[in-house]
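# Dropping the sequence and predicted coords here.
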Amino acid sequence: MDFKDFLKRPVFWVNTLTLTFFILDRTLRKIALSGTVKKFLFFKLFLFKNSGIALSLSFRGLFFYFLLVIVFYIVVFSLIKSYREGNKINILCFNLIFIGASSNLLDRLKYGWVIDYFNCSFFSSVFNIADLMILSGTIILIGKIFLDPYRVKRFLIGW
């Protein structure tokens, strides 16, 4: 396989996309850590130390880390399975979830909290690109499950 054929592979572009989001997320975290406050249209970029979980919900303790490890293993094994099967949608979803979770985990291990930096004027929570990656991957997976005609038919028939 030559380089041009490699660039035509969808998996290459999925990996490139998720890596780009990861780099952008880590860069914005460094900007937020510097204490810089920037305003863009309806977004405000600033440092928010999130010691909770998604959307700043408080959830701590040993059970939290146990649950985190289990979910991480499920995502990793699902990602490996998706690569083996060549399922491009699942690769995209699990890549987004894995890379987003890894970015947040890096902060939690280094600082003990996650760096959130985006605040929307119409949304009351502070979040980061990694959170959006996790949310996007999850929504696409759920949509794929519910939009599969075979599964919908089984659900409606009750089988």
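Everything's here; your move.

# Make sure F22 is actually in contact with N104.
No - contact criterion CB atoms under 8 Å: F22 and N104 do not qualify, at 11.1 Å. Glycine gets a C-beta too; all of them are placed from N, C-alpha and C.

# When these two are compared, which one has more neighbours?
N104 (25 against 20; other CB atoms under 10 Å).

# can you list residues touching both of F22 and N104?
Taking CB atoms under 8 Å, 6 or more residues apart in numbering as the contact rule, F22 and N104 both touch A130.

# Grab the nearest non-local neighbour of K49.
Closest residue to K49 apart from its sequence neighbours, by CB to CB, 6 or more residues apart in numbering: W113 at 4.6 Å.

# low-confidence ranges in the chain?
The chain contains residues with pLDDT under 70 at 1-8, 53-61, 149-159.

# Helices of that one, start to end?
For the chain, applying DSSP state H gives helices covering 3-7, 10-33, 62-85, 88-111, 129-147, 149-157.

# Distance check, the residue most central in space within the chain against F98.
Geometric centre of the chain, nearest residue: I134, 2.4 Å, by CA atoms, centre = their mean. The gap separating I134 from F98 is 9 Å, by CB to CB, to the nearest Å.

# how many neighbours does F123 have?
For F123, using other CB under 10 Å, the count is 12.

# Could I get the phi/psi values of it?
Per-residue torsions, F123: phi -130, psi 130 (degrees, to the nearest 10).

# Report the contact partners of it.
The contact partners of F123, by CB under 8 Å, 6+ apart, come to none.

# Check the spacing between it and K44 real quick.
Relative to K44, and taking CB to CB, F123 is found at 11 Å.
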